[in-house]
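Participant: pasting the sequence and the predicted model now:
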Amino acid sequence: MTAHYQTHGEVAVITLDNPPMNGMGLSTRRAAVQALQRAQDDPAVRAIVIAGAGKVFSSGADIKEFGSPKAYQEPNLLGLIRACEASPKPVLAAMHGVCMGGGLELALGCHYRIAAPGTRMALPEVKLGLIPGAGGTQRLPRALGVEPALNLIVSGEPVASELLAQLPGQKLFDRIAASNDTLLDEALALAREVAQRHADGTPLPRVRDLPCQHPQGEAYFQFARNMAKGMAPRYPAPLKCIDAVELATHKPFEDGLALEREMFVNLMHTPESMALRHVFAAERAASKIADVPADTPTRPIRSVAVIGAGTMGGGIAMNFLNAGIPVVLLEQQQAALDRGLAIIHKNYQAQVSKGKLKQDKLDQRLALLRSTLSYADLADADLVIEAVFEDMGVKEQVFKQLDAVMKPGAILASNTSTLDLNRIAGFTRRPQDVVGLHFFSPANVMKLLEVVRGAQTAPDVLATVMALGKTIKKTCVVSGVCDGFIGNRMLEQYVRQAGFLLDEGCTPQQVDRALEQFGFAMGPFRVGDLAGNDIGWAIRKRRYVEKPEVRYSKTADLLCELGRFGQKTGAGWYDYAPGKRDPIPSPLVQQLIEQNRQQIGVQPRAISDEEIVQRMVFALVNEGAHLLQEGIAAKAGDIDMVYLTGYGFPVWRGGPMHYADQFGLFNVVQAMRRFARNPHDDASFWQPAPLIERLLAEGRTFTG
């Protein structure tokens, strides 16, 4: 049973028990309704308490059933809430830990509510491209007031119960308990008290009967709409949240409830909601590795060593300092170490000056940081991460020294972005302890962490670093070993297309603008200037030797030969004013592009934004399909998470693989065949990956 029934004298307690978050799945709803009926039928029961087992009250919908027929099957959540609201005996919600989504809607349908301090309250449906669908937009404004309720609903962010309880005139809480430990006893006492209060037949209070209005009326809601449009222009759900709350101020409750449900159902079918729900599921699925059970023992990580105090190494170190894990930072030269430490101090000080970090917290973090010039000082670390120059010879030197000094059982990690992790592991006598931890720059900000699994990486090493990734608040995605892993291997095809588009008639600013209008945070040429064009140049030089058959536009090499490496040199694909990052179209670059076209004999043509986007995005899709087929990526959702969290792909499109599904694999294949006929493109690359052909033949999708 996922809901338990127990009596405490004259009070029945119904405990939701569907771990880990007491989701309101079908079995839970059925059990809760049956328990309610049992309490109604028992003449000895005078009041009912609904509580949650474990650490939470309820997070709302059961994600295992989300979008399935079970989510709507009777008794649905609306039916359960109606049963509580219509109970002739007082029903009281005793909330603790987490009370979100349908869990909060259920509590709002009860007659009384008590919460433990620190209970995180939220209606987070907007984060899935939806609005609350079981009365949340109609009851919460009545219980909390229009403005605070609307802020909660439109943001989807959790707020502590005791903060909401301080709002003037709020009717959400009848009482805040002294603690989690006393919550049930205080709930039982309140239940007995209200049972006595209503013993004479006094009507039970219902949130639906409370008044709901805003003094500025229509003007306030228009202001809210203008704010929502500015902050989330691509998403329909925030505006629908506002529409639904406004209904609560001038429609009868049942009418508002029906219209809320209609909006909820309509939003379920929008591309944005389907994308956000895919992302929600994919993020959770990314942490699961098929052959590494959830109960795999992990190694303790009490201290971390980082080799290399450059921008990347310093950023990596900050992740662990932020999580309260001591770090030893190693460099070869004192001057380099001093520069690295200064950057870390500068980054932290910037957070303090912006009010994002308190001075005492900064002092605590810096107290965890030690620096050294000696490998011997790393010997006791449980995990060491190298962040040195991307050269196999340099990596070999580092890992041979680590193999000599690190204690048995220590995890040896490389931050390599493209190199063969199996070769790196081969430089040690403990390849089972070697793993790739590819952080993205700036490492203290970017969410993505590519976890590269070598041929001999031990399961407990994988389990340990995946758990550690959560501790440092990263989205971890496992990749197999190949050149560039998931993200950079796909990126190479994306960037190759960008170069061909320049050869054929585009300007850098046209390509960037098309991709940014599609939703990318930055176009490819702006990204190149930010990251440093010399990085791609070094990779291409290696490719020319290792894969001479792969063709590239020469424009990027010509740019680098001029020393235009991007923002760090004040010039790249764009010009930059001193001390500024605003890209300025460069006549010199345009001249270079035109000269290259003449040299290769290409007559420029007008290229539409649609063609630009399709060539760039479908290049990601085709290479992603190869990665899936080769087993480098385990799931299409993993690829999407890489691109959403590490490469600026628009969240509201769900990632490249989900976008391909929505676009239609038939249409994707037709576009690829069209691109293959372009004499200036790479016809061999545009042969659809066999996986795409198979999925299309079977009527399946990447993510379905």
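Facilitator: Cool, the structure landed.

Participant: how near is Arg120 to Val98?
Facilitator: 5 Å (Cβ to Cβ, to the nearest Å). From N, CA and C alone the C-beta is placed, and that goes for glycine too.

Participant: more crowded one of these two?
Facilitator: A count of neighbours by other Cβ atoms under 10 Å puts Val98 above the other of Arg120 and Val98, at 22 against 18.

Participant: show me where the stretch 451-600 of the chain has its helices.
Facilitator: In the stretch 451-600 of the chain, the segments counted as helices under DSSP state H, counting those that start in this stretch are 459-471, 487-504, 508-518, 524-531, 533-546, 555-561, 587-600.

Participant: what's the overlap in contacts for Arg120 and Val98?
Facilitator: Pro158 (Cβ atoms under 8 Å, 6 or more residues apart in numbering).

Participant: packing partners for the strand or helix carrying Ile612?
Facilitator: In this structure, Ile612 sits in helix 609-630 according to DSSP states H and E. With contacts defined as 3 or more Cβ pairs under 8 Å, 6 or more residues apart in numbering; DSSP states H and E, helix 609-630 has these neighbours: helix 487-504, helix 508-518, helix 636-646, helix 656-663, helix 665-676, helix 690-698.

Participant: show the pLDDT at the closest residue in space to Leu402 that isn't next to it in sequence.
Facilitator: Once flanking residues are discounted, Leu402 sits nearest to Leu412: 5.4 Å by Cβ to Cβ, 6 or more residues apart in numbering. Listed pLDDT for Leu412 reads 98.

Participant: quick one: contacts for Leu412?
Facilitator: Leu412 touches Val384, Phe399, Leu402, Asp403, Met406, Thr428, Arg430, Asp433, Val434, Val435, counting by Cβ under 8 Å, 6+ apart.

Participant: which of these fall within strands?
Facilitator: Val384, Val434, Val435 (DSSP state E).

Participant: ranking those residues by neighbours, who comes first?
Facilitator: Val434 (27 neighbours).

Participant: in stretch 507-522, what's buried?
Facilitator: The neighbour-count check on stretch 507-522 (16 or more other Cβ atoms under 10 Å) flags Thr507, Pro508, Gln509, Gln510, Val511, Asp512, Ala514, Leu515, Phe518, Phe520, Met522 as buried.

Participant: actually stretch 606-617, not the one I typed
Facilitator: Result for stretch 606-617 [16+ other Cβ under 10 Å]: buried residues Ile607, Glu611, Ile612, Val613, Gln614, Arg615, Met616, Val617.

Participant: listing request: residues of this structure with sub-threshold pLDDT.
Facilitator: 67 (pLDDT under 70).

Participant: so what are the domain limits for it?
Facilitator: The chain breaks down into these domains under automatic domain parsing: 3-268, 304-479, 487-698.

Participant: a markdown table for those domains, including distance to Phe280?
Facilitator: As requested, the domains of the chain are exported to a markdown table (distance: least, Cβ to Cβ, whole Å):
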| stretch | distance to Phe280 |
| --- | --- |
| domain 3-268 | 6 |
| domain 304-479 | 12 |
| domain 487-698 | 10 |
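
Participant: which strand or helix spans the most far-flung residue of the chain relative to its centre?
Facilitator: Farthest-out residue of the chain from its mean C-alpha position, per Cα atoms, centre = their mean: Asp200, at 52.5 Å. Counting by DSSP H and E, no helix or strand carries Asp200.

Participant: returning to what we had before: may I see the helices of the stretch 451-600 of the chain organised as JSON lines, with distance to Val56 added?
Facilitator: Output for the helices of the stretch 451-600 of the chain, formatted as JSON lines (distance: least, Cβ to Cβ, whole Å):
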{"stretch": "helix 459-471", "distance to Val56": "18"}
{"stretch": "helix 487-504", "distance to Val56": "34"}
{"stretch": "helix 508-518", "distance to Val56": "39"}
{"stretch": "helix 524-531", "distance to Val56": "40"}
{"stretch": "helix 533-546", "distance to Val56": "45"}
{"stretch": "helix 555-561", "distance to Val56": "52"}
{"stretch": "helix 587-600", "distance to Val56": "56"}
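
Participant: out of the ones you listed, nearest to Leu26?
Facilitator: Taking Cβ to Cβ, helix 459-471 is the member of the helices of the stretch 451-600 of the chain nearest to Leu26, at 29.5 Å.

Participant: so how far is the closest one from its chain's centroid?
Facilitator: 18 Å (Cα atoms, centre = their mean, to the nearest Å).

Participant: for Cys110, grab phi and psi.
Facilitator: phi -80, psi 160 (degrees, to the nearest 10).

Participant: could you report the neighbour count for it?
Facilitator: The burial count for Cys110: 26, using other Cβ under 10 Å.

Participant: list the contacts for it?
Facilitator: So Cys110 contacts Ile50, Cys84, Glu85, Val91, Leu92, Ala93 (Cβ under 8 Å, 6+ apart).

Participant: of those, buried ones?
Facilitator: Of the contacts of Cys110, these count as buried by 16+ other Cβ under 10 Å: Ile50, Cys84, Glu85, Val91, Leu92, Ala93.

Participant: secondary structure and distance to Ser479 for those - can I get that in TSV?
Facilitator: What follows is those, written out as TSV (DSSP: H, G, I helix; E, B strand; the rest coil; distance: Cβ to Cβ, whole Å):
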residue	secondary structure	distance to Ser479
Ile50	strand	44
Cys84	helix	47
Glu85	helix	50
Val91	strand	50
Leu92	strand	50
Ala93	strand	44
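
Participant: looking at those, spot the one nearest Ala39.
Facilitator: The closest of those, once distances to Ala39 are taken by Cβ to Cβ, is Val91, at 8.7 Å.

Participant: buried set for the host helix or strand of Ala83?
Facilitator: Ala83 is part of helix 77-85 when elements are defined by DSSP H and E. Neighbour counts over helix 77-85 (16+ other Cβ under 10 Å) mark Leu77, Leu78, Leu80, Ile81, Arg82, Ala83, Cys84, Glu85 as buried.

Participant: surely the last one touches Phe253?
Facilitator: In this case it means Glu85. No. Using Cβ atoms under 8 Å, Glu85 is not in contact with Phe253, being 10.7 Å away.

Participant: please enumerate the shared neighbours of those two.
Facilitator: Arg208.

Participant: mind checking how far stretch 526-544 is from the chain centre?
Facilitator: 27 Å.

Participant: show me the beta-bridge partners of the residue nearest to Ile584 when sequence neighbours are not counted.
Facilitator: Sequence neighbours aside, Asp575 is the residue nearest to Ile584 in space, at 4.3 Å (criterion: Cβ to Cβ, 6+ apart). Beta bridges link Asp575 to Ala571, Ile584 when assigned by DSSP bridges.

Participant: go ahead and confirm Asp575 touches Gln590.
Facilitator: No. Using Cβ under 8 Å, Asp575 is not in contact with Gln590, being 11.1 Å away.

Participant: got the contact list for the closest residue to Gly631 other than its chain neighbours?
Facilitator: Distance criterion Cβ to Cβ, 6+ apart; nearest residue to Gly631, sequence neighbours excluded, is Gly480 at 5.9 Å. By Cβ under 8 Å, 6+ apart, the contact set of Gly480 is Val452, Arg453, Glu630, Gly631, Ile632, Ala633.
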